[in-house]
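[1] sequence and computational prediction follow.
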Amino acid sequence: MIDERLLHILADSFWKILLPGIKTTIPLTALAFSFALIIAVITALIQFAHIKGLTQLARFYIWVVRGTPLLVQLYVIFYGLPGIGIVINPFPCAVAVFAVNEGAYCAETMRAALEAVPYGQIEAGYCVGMSYLQIMRRIVLPQAFRTAFPPLSNSLIAMVKDTSLAANITVLEMFMATQRIVARTYEPLALYIEVALIYLIFSTVLTQLQHAGEKKLNRYTLRGGK
Amino acid sequence: MMILSVQDLRKSFDGQEILKGISLHVDKGEVITIIGPSGAGKTTALRCINFLEEADSGTMDFDGETFTFGNVTKKDIARLHRKTVFVFQNFNLFLNKTALQNVTEGLIIARHIPKTQAEDTGKKMLDKVGLAARYDYYPNQLSGGQQQRVAIARALATKPEIIFFDEPTSALDPELTGEVLSVIKALAQEGMTMVVVTHEMSFARSVSTRVIFMENGTVVERGSAEELFNHPQEERTKAFLSSITNR
């Protein structure tokens, strides 16, 4: 049976965990994912257009970032760089590392989505006088985003949870807040389950948003048929 | 008056010569059909002429300008595409745009025509190909024949000097080819200059001012529809035509 003291701790800690969630986890995710998308689109477009030199650079970036652990990347930047005189505050450091890390994965998602757009539409664009950039912006990218939307949603949900790693570089987000309460109350099981449930709520909201977004984007696919 | 003339067009893929020196000319208002067996190089020739494929050598005069194949700049390509347009076997409609948007996209974005004016033109063109009731349909909501007619409307809206058709009915179910061919026939009667690669022999016979028979990367024979279909001179032309009619 759950005793009254534990219930009280759980109720009391709910807001203490949720608050850093709202103040840190959400802004961290929103900022990092926005930058990640920008990095991803640029990296994918460079490869799609086979821009000499930059394509190799893009592949190198993806190779390094995907080939090393996110936690190690956080440590190198936050604890390593001060050794050569570069000190970054915890929050911007977390935003940068998460953006660069997720950018590499999302770049591959975007590249696949760009390549899935039938090439004939690009030729048709040229034939009605459009330039390459006009075709990309008006025809190819909108369709690529539709294709990439579910896997990008995956990445976003994964990032919400991965932000708990930022606790390791002293960012006071939900997981660190929980750890502190555990240290005070000695109720690890209940409290870690509680924070897990809060992450689940966040993910559930995002999943619902994904469904709504897909419905909106479906208008020109077969499922949106009249 | 001559609008297009191609001399000695050559193209190889992976060391294999697909076009072995094609020459042809088109006068304004003519409908040229190119016929021949699969693998003859018909589509490749048409794509090279519209700079969708980079040819290796040869020259082309179009509307008073001379282009040298193998030495064509991006500006040349853009300039040519202001005056020509291409209708594809697989339609290649913009899938994220409605029928009307497919027609107006090139006008608004590439030619900077005001939106309302572009939409007027777009509707007129869709009406012309019999799709007045389908302005707001996306390509995936249309049949193949309807999609190809949208593609033709999109081509017409750019007011081209010449339209290239690459097997415009080959991807269609047999019962849908008629609606597309009749649109092309109507254009021919209006005097639109067109070059059509086709496997539809009765269509070629009825619509062409001249017919070109290609095989194995070369032009084997050319002439009026009457000459080529009723009195072919070359053995290969005769063999091809009889293989088709005896099917």
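    Structure received.

[2] closest point of chain B to chain A, which residue?
    residue B:106 (2.9 Å; CB to the nearest CB). The C-beta positions use only the backbone N, C-alpha and C, and glycine is treated the same way.

[3] return the residues in contact with that residue.
    Contacts for residue B:106 (CB atoms under 8 Å, 6 or more residues apart in numbering or on different chains) come out as A:125, A:128, A:129, A:130, B:154, B:157, B:158.

[4] double-check that it belongs to a helix.
    Yes: assigned with DSSP: H, G, I helix; E, B strand; the rest coil, residue B:106 falls within a helix.

[5] which residues are contacting the top helix by length along chain B?
    When chain B is scanned for its longest helix (criterion: DSSP state H), the result is helix B:174-190. Applying CB under 8 Å, 6+ apart, the contact partners of helix B:174-190 are B:31, B:129-130, B:143-145, B:148-149, B:152, B:156, B:163, B:165, B:168-169, B:172, B:194, B:196, B:200, B:203, B:206-207.

[6] just checking, which of these belong to helices?
    Using DSSP H, those in helices are B:144, B:145, B:148, B:149, B:152, B:156, B:203, B:206, B:207.

[7] and of those, the nearest to residue B:83?
    residue B:156 (13.6 Å; CB to CB).

[8] quick one, what contacts the residue in chain A positioned nearest to chain B?
    Proximity of chain A to chain B (CB to the nearest CB) peaks at residue A:128, 2.9 Å away. Contact analysis of residue A:128 by CB under 8 Å, 6+ apart lists B:81, B:85, B:105, B:106, B:110, B:154, B:155, B:158.

[9] against residue B:107, how distant is it?
    8 Å (CB to CB, to the nearest Å).

[10] picking that back up, top of the contacts of residue B:106 by number of neighbours, please.
    The member of those that has the most neighbours, counting by other CB atoms under 10 Å in any protein chain shown, is residue B:154 with 32 neighbours.

[11] tell me the SS of that one?
    With three-state DSSP as the criterion, residue B:154 reads helix.

[12] what of the one 5 residues further on?
    Taking three-state DSSP as the rule, one finds residue B:159 in the coil state.

[13] that one: how many residues sit nearby?
    Neighbour tally, residue B:159, other CB under 10 Å: 12.

[14] same check, this time on residue B:73
    9.

[15] wait, what's in contact with it?
    Per CB under 8 Å, 6+ apart, neighbours of residue B:73: none.

[16] can you pull the pLDDT of it?
    Residue B:73 carries a pLDDT value of 94.

[17] how about residue B:70?
    Residue B:70 is given a pLDDT of 92.

[18] how much space between it and residue B:22?
    From residue B:70 over to residue B:22 (counting by CB to CB), the distance is 14 Å.

[19] these two: who's more crowded?
    Set side by side, residue B:70 and residue B:22 show more neighbours around residue B:22, with 25 against 13, by other CB under 10 Å.

[20] beta partners for that one?
    residue B:9 (DSSP bridges).

[21] that one and residue B:222: what is the separation?
    11 Å.

[22] SS state for the nearest residue to residue A:34 once chain neighbours are set aside?
    Nearest residue to residue A:34, sequence neighbours excluded (CB to CB, 6 or more residues apart in numbering or on different chains): residue A:99, at 8.0 Å. With three-state DSSP as the basis, residue A:99 sits in helix.

[23] so residue A:99 makes contact with residue A:37?
    No: judged on CB atoms under 8 Å, residue A:99 makes no contact with residue A:37 at a distance of 9.0 Å.

[24] next one: phi and psi at residue 69?
    You didn't pick a chain, so chain A it is. When quoted as degrees, to the nearest 10, the phi and psi of residue A:69 stand at phi -70, psi 140.

[25] hm, I was asking about chain B
    phi -60, psi 150.

[26] hmm, residue B:50 and it touching each other?
    No: using CB under 8 Å, residue B:69 is not in contact with residue B:50, being 11.9 Å away.

[27] in which helix or strand would I find the spatially most distant residue from the centre of chain B?
    Distance from the C-alpha centroid of chain B, by CA atoms, centre = their mean, peaks at residue B:116 (28.6 Å). Assigned by DSSP states H and E, residue B:116 belongs to helix B:115-128.

[28] give me the residues contacting that helix.
    Residues contacting helix B:115-128 (CB under 8 Å, 6+ apart): B:99-100, B:103-104, B:107-108, B:113, B:132, B:134-135, B:150, B:153-154, B:156-157.

[29] show me where chain A has helices.
    Counting by DSSP H, the helices of chain A are A:4-20, A:26-48, A:54-66, A:70-75, A:90-116, A:120-127, A:132-135, A:141-162, A:174-185, A:188-217.

[30] now do the buried residues in the third one.
    Using 16 or more other CB atoms under 10 Å in any protein chain shown as the burial criterion, the residues of helix A:54-66 that qualify are A:58, A:61, A:62, A:65.

[31] find the nearest non-adjacent residue to residue A:136, please.
    That would be residue A:45: by CB to CB, 6+ apart, it lies 7.0 Å from residue A:136.

[32] was I right about the one you found contacting residue A:132?
    No: the pair residue A:45 and residue A:132 does not pass the contact test of CB under 8 Å, sitting 10.5 Å apart.

[33] okay, now the unreliable bits of the chain?
    Unless you meant another one, I'm taking chain A. A:1-2, A:222-226 (pLDDT under 70).

[34] not what I meant, chain B
    Those would be B:246-247, if you go by pLDDT under 70 across chain B.

[35] how about the residues of chain A by chain B?
    A:118, A:120-121, A:123-131, A:134, A:138-139, A:142-143, A:146, A:219-222, A:224-226 (CB under 8 Å from any CB of the partner chain).

[36] any of the residues you listed buried? List them.
    Going by neighbour count (16+ other CB under 10 Å), the residues of chain A next to chain B have A:121, A:123-130, A:134, A:138-139, A:142-143, A:146, A:220-221 buried.

[37] what is the neighbour count of residue 211?
    Since you didn't name a chain, this refers to chain A. Residue A:211 - counted by other CB under 10 Å - has 11 other residues nearby.

[38] nope, chain B please
    27.

[39] same check on residue B:111?
    With other CB under 10 Å as criterion, residue B:111 counts 15.
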